[in-house]
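A.B. asks: Structure, please.
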Amino acid sequence: MADTGKPMFADSERVLCYHGPLLYESKCIKFEIDDNNGKMKYLIHYNGWNKNWDEWVPEDRVLKYNDENLQLQKDLKLRYPNVRRTRKKMGEKEKGASTPSAIDKATSRVEPTRRKRGRNEQSIESEDGVTAKGEIKIKLPEEMKRWLIDDYDFINRQKRLIKLPRKFAVDDILDSYIKEKRGSPAAVSGLAREITLGLRTYFNSMLGSQLLYKFERPQYAEILKTNSKDTSLSQIYGAEHLLRLFVKLGNVMTYTTLDEKNINLVQHFVDDILMYIHRNESIFLTSEYETAPPEYNRKLI
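C.D. replies: Numbering: from 1, shown residues only. Coordinates of the predicted model:
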């Protein structure tokens with residue numbers, strides 16, 4: 001359905017915009033309806049950056065320039081002290097990190113449009129030799145797709161939130177998976193540890209900018225405020241947000257230095273982890289959504 005409401009941000013308005021896990025002072029140059037999804041999108045210029053970095057972003061990545069969001073910007077800088085933007089040679093473009101919708105509406109709002117990406121986002125990809133190899137297909141079990149659709153409905157239509165921290169967070173799920181693999185040959189067990197470590201890195205780097213619905217952002221800001229910067233987001237968020245990562249992972253891995261053999265290994269383990277979550281969905285996936293109080297909704301204005 002097309003977004004027929006008024007845009008939240010005006011031409012030339014001073015805003016804050018996510019680029020990777022951090023927020024940057026920016027200017028909204030113009031806005032228009034995205035023909036692909038009927039949603040509002042904004043052309044953003046990052047203050048102090050060359051105009052080659054200007055990009056179209058979905059509304060979910062843009063925040064009002066106010067005291068509360070400036071504090072969130074500071075909190076993010078403290079949490080990610082090693083993240084910095086490294087420019088390429090002028091005129092070069094970053095590889096995109098968008099993901100075609102795997103389950104239509106349920107993932108469209110956590111998918112930025114094709115975008116340039118900072119090259120040092122928690123070491124997601126190597127700085128050299130990044131080439132496109134064609135999209136890798138991560139197939140979610142049908143039951144997991146239904147979970148994501150229900151999750152979308154709870155948050156975006158019913159205005160409810162997942163209770164955080166989750167009893168079984170992403171770290172707990174991946175640690176449990178590694179334990180299950182300890183009975184496997186040493187090479188398999190070692191690969192499981194290595195790949196789950198990479199997944200944690202992806203998750204912690206991508207959550208704030210790519211894996212949240214707009215309605216979840218005030219909750220995310222509160223999480224950053226109330227938890228030490230030594231506490232990883234993968235210790236707080238659970239399987240629901242991990243599934244959102246898997247929806248995006250295939251396209252993210254398209255731009256990687258891994259050869260075909262190693263990509264196939266990663267894909268095998270991701271499929272195996274998905275089946276592990278599926279087998280234990282009554283433990284890992286929640287039906288514990290809470291109604292947001294009125295003051296929470298005011299933070300979205």
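
A.B. asks: Pull the contacting residues for Glu290.
C.D. replies: By Cβ atoms under 8 Å, 6 or more residues apart in numbering, the contact set of Glu290 is Arg160, Leu161, Lys163. In this view, the C-beta of every residue, glycine as well, is placed from N, C-alpha and C.

A.B. asks: can I assume it sits in a helix?
C.D. replies: No: if the criterion is DSSP: H, G, I helix; E, B strand; the rest coil, then Glu290 is strand and not within a helix.

A.B. asks: Run the chain-centre distance for stretch 17-28.
C.D. replies: For stretch 17-28, the separation from the chain centroid amounts to 14 Å (computed by Cα atoms, centre = their mean, to the nearest Å).

A.B. asks: re earlier: any chance of the contacts of Glu290 in JSON lines, plus pLDDT and secondary structure?
C.D. replies: Output for the contacts of Glu290, formatted as JSON lines (pLDDT from 0 to 100; DSSP: H, G, I helix; E, B strand; the rest coil):
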{"residue": "Arg160", "pLDDT": "94", "secondary structure": "strand"}
{"residue": "Leu161", "pLDDT": "96", "secondary structure": "strand"}
{"residue": "Lys163", "pLDDT": "93", "secondary structure": "coil"}
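
A.B. asks: For ChimeraX, what selects the buried ones among those?
C.D. replies: Per 16 or more other Cβ atoms under 10 Å, the buried members of the contacts of Glu290 correspond to this ChimeraX selection:
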select :160,161
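
A.B. asks: closest to Thr291 among the contacts of Glu290?
C.D. replies: The nearest member of the contacts of Glu290 to Thr291, counting by Cβ to Cβ, is Arg160 at 5.4 Å.

A.B. asks: so the closest one makes contact with Pro293?
C.D. replies: No: with contact defined as Cβ atoms under 8 Å, Arg160 does not reach Pro293; the gap is 11.3 Å.

A.B. asks: got the residue ranges for the strands in the stretch 151-300 of the chain?
C.D. replies: Along the stretch 151-300 of the chain, the segments classed as strands by DSSP state E, counting those that start in this stretch run 160-162, 255-256, 289-291.

A.B. asks: Report the rounded mean pLDDT for the shortest one.
C.D. replies: Same thing as strand 255-256. Regarding strand 255-256, the rounded mean pLDDT is 65.

A.B. asks: before we move on, back to that, now distance to Ile173 too, for the contacts of Glu290, in TSV please.
C.D. replies: As requested, the contacts of Glu290 are exported to TSV (distance: Cβ to Cβ, whole Å):
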residue	distance to Ile173
Arg160	22
Leu161	20
Lys163	16
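
A.B. asks: before we move on, what SS does Leu23 have?
C.D. replies: strand.

A.B. asks: Let me fix that, I meant to ask about Asp60.
C.D. replies: Asp60 ends up helix, using three-state DSSP.

A.B. asks: Check the one 3 residues further on too.
C.D. replies: When states are read from three-state DSSP, the local structure at Leu63 comes out as strand.

A.B. asks: Contact partners for it?
C.D. replies: Val15, Leu16, Cys17, Tyr18, Leu23, Asn69, Leu72, Arg217.

A.B. asks: now do Lys74
C.D. replies: No contacts exist for Lys74 under Cβ under 8 Å, 6+ apart.

A.B. asks: per-residue confidence at it?
C.D. replies: Confidence at Lys74, expressed as pLDDT, is 88.

A.B. asks: so Phe9 makes contact with Leu16?
C.D. replies: No: using Cβ under 8 Å, Phe9 is not in contact with Leu16, being 10.5 Å away.
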